[in-house]
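>>> Following is a predicted model, sequence given first.
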Protein chains: 2
Amino acid sequence: MDSLTYVNQNKQRFLDELFGWLLIPSVSADPKFNEDVFEAAEYVKKKFEEAGAENCELIPTDGFPVVYAEKIVDPSKPTILMYGHYDVQPADPYELWETPPFEPVVRNENIYARGSCDDKGQVYMHVKAFEYMMKNDALPCNVKFIIEGEEEIGSKHLDDFLRKHKDKLKADVVLVSDTSMIANDCPSVTIGLRGLSYMEVEVVAANRDLHSGTYGGAVANPIQVLARMISSMKDENNHITIPGFYDDVVEYSKEQRDEMAKRPFNLDAYKKELGIEDVEGEAGYSSLERATIRPTLECNGMWGGYIGAGAKTVLPSKANAKISLRLVANQSSAKMSVLFQKHFEKIAPKSVKVKVSVLSGGEGVITPMNSTAYEAASMAMEKTFGKKPIPSMEGGSIPVVAAFEKILGLKTALMGFGLDTDALHSPNEHFGLFNYYKGIETIPYFFQYFTELSKK
Amino acid sequence: MDSLTYVNQNKQRFLDELFGWLLIPSVSADPKFNEDVFEAAEYVKKKFEEAGAENCELIPTDGFPVVYAEKIVDPSKPTILMYGHYDVQPADPYELWETPPFEPVVRNENIYARGSCDDKGQVYMHVKAFEYMMKNDALPCNVKFIIEGEEEIGSKHLDDFLRKHKDKLKADVVLVSDTSMIANDCPSVTIGLRGLSYMEVEVVAANRDLHSGTYGGAVANPIQVLARMISSMKDENNHITIPGFYDDVVEYSKEQRDEMAKRPFNLDAYKKELGIEDVEGEAGYSSLERATIRPTLECNGMWGGYIGAGAKTVLPSKANAKISLRLVANQSSAKMSVLFQKHFEKIAPKSVKVKVSVLSGGEGVITPMNSTAYEAASMAMEKTFGKKPIPSMEGGSIPVVAAFEKILGLKTALMGFGLDTDALHSPNEHFGLFNYYKGIETIPYFFQYFTELSKK
């Protein structure tokens, strides 16, 4: 039985099992969900066992555990190390969800829930593809699974984990489904990801909130100071003004940029889908380039003063922001965090005190098109989609991909089945039923082609 | 018995009664406290009755009611119209209060509670001063009290109220204790207040929160757009850049400024008390001038994106801010709100949509030193403090003072007993026991001197 037939025979069960996982609010960023994060780890561990995996366990780290599972069919055969994560982004703001984030439903052929695509839905495709291969005697090589619980908070303990379990994790390639395709009728394999430095900053003026009538105009307003500092970090061309920020950026040649520009992209449709009149970004680059091969500085959150209903005439004591840098090759996350921190401290006026905390970081990554990893993914998608996938740069970050290369010496195949429009990290995150089932159908072919290509 | 003796005989009871009022969280800005606001009105109405006032009632408005009480001793005698408010500012952020805002306590000779000074504590001085005059046959003139419940939200319905009850409110002067003195050993009478325009703004970029990896750099970030817009509204000299903003500002002469500069002010002590290294404000003006005779634009709150714990890589859909203008004579609040709104809409880039809502406003005011109102207040304070009070400009706003002049044709005596350091509108608001009792002692002298001066 081929994988398509197996999927078609088991559609409802595959959905029900995923729903059971999506019900668990495994938000790693927020301590109040700690128990749920552990429960989500247990859930998927059990599902690996049921699918026929061996040596399933929760391997502890200094944070949330890594779920491990494996099936060694023959030590002389290649080994695929599949990576994913069972933690999810916070669901705030809850009020913008049409249905509650942790009560999965199918609507318009999409599964709506936090984590439906990123990354529980995409991980669960692998669990079910593995089940197919086990039940149909179609597993052509060895497989090891590591599903972590801290991807959304910067995979803080994964480097340690990889170093500590280097032997156990011995493999020939890493397979990850945590990226997107260009469109359902335009499959793609990801060849590049941006790196990330994520900071939280605090600006403190007076030692207490003040009455804005009594003190307004005479004492620094930390919200306005922070607004000024953030604004000053991009110039009128939206170039980032942090000294040294662009020093290590790899500039693409005209030929490379022309090649990338062949990727289907319609600016009007892009604007319409986002509901915006105009885009905004670094002068001299296209929207696609701005979101993939160019670094950026984004304020992910800002708060200060009175944010309740009505008017409160307060001159607040402090203001905070979460600011992240998306980095491109060869910018080092650690180095850029330091540059940011130094610059932020330097531009602070004497009227305030500032504090910068680095919350997380990760390196960008490039997977060459001539690697076995890329080739196997490309062939698998061509087989099930009926057309050759396009190589695609992505703007997001999967910090561990660089670590796989550095620590384990492995290339990563980035074969994702989601779409950019799936509202990852946003209210109403969803994952197409088409994509979910197509993923389960495609993954076994990756196993087959990777095994075949490895023999050559 | 003089008022000092009466105060000394009733200290504990005066405190207990005020505590009973402070227990009621009458936050007018937040609908969840609606019932408490009404309860606070009932409480003080009952206390006026107990003190001997007549015709006590809650007069309805389209918002919260005005508490009315009066004592007419002789229609041929002067009438003092006392004004105050029973609503309080929101107590957020609660976690910064050393003791809960609505559980009053005495600590270091201060009463700690939201509203302890602004304005319940100062209003209650009048209730008890009235009680003294009634019990000791010392009320020399007629008195009418109006205590409103919407001062902290811009006294939205008070103009209507004044117009509708113009006859009922016929008087010779308005007496208000909702301002501060320079120091306990440096009494002062307020001669000027700033006006206010309070706006809430919203900047919307994409129609949903986006993944900052996928879209960061390519789509406008509303937090950064708002930060840029707010920053652009002050230039490098902290002059406000809204066209026409300064057109109506009354510039003070060198002589006037020199006179004001005689007010005791120690910049080092000011900085130390606020815990700041440096002040910040409009170039060319002193800290005192910046906070009194110069207008300012202050961001009272700002929020957007993810503000929870940890890192969320979101490119938010929208950002909001509360922005207020403090205005000086002769800036019209309504005109400045319109100028702000037009300017804000004009400077918005095409990549976002903006919305401006005017939440409240009020005109600035000047009480001349040669008025009977000022003179009576000055004499009363000199009597009880043992030194002549200094005339003082204040940076805060009491929007209704302009309305008393415009609608009722009355001058206002601004005789407040709080201090700038009482943390009004801030966590740990407090009111000195000295100030509370001194107010009760002083007010009957205002009644006496105003009546005497009116005879001349």
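Everything's here; your move. Numbers count the residues shown, from 1 in each chain, chains lettered A, B, ... in the order given.

>>> can we go C-alpha only for contacts and neighbour counts from here?
Noted.

>>> before we move on, what SS does A:Leu356 have?
Quick fix: residue A:356 reads Val, not Leu. What DSSP: H, G, I helix; E, B strand; the rest coil gives for A:Val356 is strand.

>>> just checking, it touches A:Tyr198?
No: checked against Cα atoms under 8 Å, the pair A:Val356 and A:Tyr198 is beyond contact range at 10.3 Å.

>>> of the two, who's got more company?
Remark: of A:Val356 and A:Tyr198, A:Tyr198 carries more neighbours, 27 against 21, as counted by other Cα atoms under 10 Å in any protein chain shown.

>>> mind listing what the more buried one touches?
For A:Tyr198, the contacting residues are A:Lys322, A:Ile323, A:Ser324, A:Leu325, A:Ser337, A:Val358, A:Leu359, A:Ser360, A:Gly361, B:Ala311, by Cα atoms under 8 Å, 6 or more residues apart in numbering or on different chains.

>>> Show me those that map onto strands.
Using DSSP state E, the subset of those located in strands is A:Lys322, A:Ile323, A:Ser324, A:Leu325, A:Val358, A:Leu359, A:Ser360, A:Gly361.

>>> Among the contacts of A:Tyr198, which pair sits farthest apart?
A:Ser337 and B:Ala311 (14.5 Å; Cα to Cα).

>>> neighbour count winner among these two?
The neighbour count for A:Ser337 versus B:Ala311, taken as other Cα under 10 Å, is higher for B:Ala311 (27 against 23).

>>> I'd like to know how far the closest residue to the more buried one other than its chain neighbours sits from A:Phe64.
Leaving aside its chain neighbours, B:Ala311 sits nearest to A:Ile153 (5.9 Å; criterion: Cα to Cα, 6 or more residues apart in numbering or on different chains). Applying Cα to Cα, to the nearest Å, the value for A:Ile153 to A:Phe64 is 11 Å.

>>> any idea how far the residue lying farthest from the centre of chain A is from A:Phe447?
What lies farthest from the middle of chain A is A:Thr214; by Cα atoms, centre = their mean that is 46.7 Å. Counting by Cα to Cα, the gap from A:Thr214 to A:Phe447 is 70 Å.

>>> same thing with A:Val365?
As judged by Cα to Cα, A:Val365 and A:Phe447 stand 23 Å apart.

>>> Helix or strand: which one has A:Leu196?
strand A:195-204 (DSSP states H and E).

>>> Where does pLDDT dip in chain A?
Residue ranges of chain A with pLDDT under 70: A:456.

>>> can you rerun that using 80?
Within chain A, the segments meeting pLDDT under 80 span A:259-260, A:329, A:397, A:399, A:456.

>>> Secondary structure element holding A:Ala227?
helix A:222-232.

>>> List the first helix or strand encountered after that helix toward the C-terminus.
Helix A:222-232 is succeeded, C-terminally, by helix A:254-260 (DSSP H and E).

>>> how far out from the middle of the chain is that next one?
Remark: helix A:254-260 is offset 26 Å from the chain centroid, using Cα atoms, centre = their mean, to the nearest Å.

>>> Check stretch A:240-253 too.
Going by Cα atoms, centre = their mean, where stretch A:240-253 is centred and where its chain is centred differ by 23 Å.
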